[in-house]
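# Sharing a sequence plus its predicted fold:
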Amino acid sequence: MKKTLLLLTFLAVSGMASTSAQAAKHYVSGFGGISWMQNMDVTDTYVVAPGEDFTTNLDLGSGVALTGAIGCDYGSYRLEAEVGYQTNDLKSAGEDINGQVINYNGPNGPGTLTRQAMRGDVSVLSLMGNGYYDFDLGSKVELYATAGIGVAQVSVHNLNSTGSYSSIDPYEFTANNDPGWNLHETTLAWQVGAGIAAPIADNIKLDLRYRYFATTDFTIPELGFYRNSVNTNVSSHSVLLGLRVEF
């Protein structure tokens, strides 16, 4: 399935890039910036009791996003193939059943720990085919809208809590030196965004953009504290600054 998704994306990108290639200007671009991943809701596929929905909510901090692309400029629209990478640290996790937060017994008594501090990170490596529509503002300044579709490999590295359950009290946390859990899953992805670009030299434009990126739902066979498969997805907001160089 993963190989099929990658092949379809490659064929789509190749087809777009070859359309009227002789009439287009070609360019390469590179971007870097800040990424804010939205919380991940990890839902157990195993139902303990009818009507019971058990979910873990993973809170992620800000991180880094990088993209590189090669494309064709046809005047009012552009087509490109893009490789992207983003990574964000895990901050905390909370659990609920049917939307009701589970209160663990913390070190200061019952019900004092509703979220558990976490460590590790979540990263996304993506291959996207993007389309752009450019609005000419004059003086070669462009305002544009963009959308893209492709595949993404979502990776979790060293996922674990900063404490562990005590053998005496199952709701009391103690020091945890375990390396954590690691996983990789491939899924479909899409993105939309907008930006503005202005020339700073011959054939070079400074480009500032906003991007919303998301994957479709995917299933993880087993995730550490779950003994069953779980469903989740990844989404993020990014602000990126980069250069576009025509050749």
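Great, that's in hand. Numbering: from 1, shown residues only.

# Go ahead and confirm Y212 touches A189.
No. With contacts counted by Cβ atoms under 8 Å, Y212 stays clear of A189, the gap being 11.3 Å. Every C-beta, even on glycine, is put in place using the N, C-alpha and C of the backbone.

# between these two, which one's more packed in?
Of the pair Y212 and A189, A189 is the one with more neighbours under other Cβ atoms under 10 Å, namely 26 against 14.

# What are the neighbouring residues in contact with the more buried one?
In this structure, A189 makes contact with 124, 126, 128, 149-152, 213-216, judged by Cβ atoms under 8 Å, 6 or more residues apart in numbering.

# where exactly do the helices run in this structure?
Remark: helices assigned in the chain by DSSP state H are 2-18.

# Can you list the low-confidence ranges for it?
Low-confidence segments of the chain, defined by pLDDT under 70: 1-22, 46-54, 96-114, 163-178, 222-228.

# quick one on the thing from earlier: which of the contacts of A189 are buried?
With burial judged by 16 or more other Cβ atoms under 10 Å, the buried subset of these is 124, 126, 128, 149-152, 213, 215.

# Find the residue closest to P221 in space, skipping its chain neighbours.
The shortest distance from P221 to any non-neighbouring residue, by Cβ to Cβ, 6 or more residues apart in numbering, is to S229 (5.2 Å).

# again with G94
R115 (4.3 Å).

# Contact partners for that neighbour?
Taking Cβ under 8 Å, 6+ apart, we find R115 in contact with 59, 92-94.

# How much space separates it from T43?
R115 sits 17 Å away from T43, going by Cβ to Cβ, to the nearest Å.

# With Q116 instead?
Distance from Q116 to T43, by Cβ to Cβ: 18 Å.

# Give me the more crowded residue out of these two.
Between Q116 and T43, counted using other Cβ under 10 Å, Q116 has the larger neighbour count: 17 against 14.

# Return the residues in contact with M37.
The contact partners of M37, by Cβ under 8 Å, 6+ apart, come to 60, 63, 86, 88, 122, 234-236.

# Closest one to N182 out of those residues, please.
Using Cβ to Cβ, V122 is the member of the contacts of M37 that sits closest to N182, with 11.2 Å.

# who does the closest one bridge with?
N88, V156 (DSSP bridges).

# And the residue nearest to G94, how close does it get to D59?
For R115, the distance to D59 (Cβ to Cβ) stands at 7 Å.
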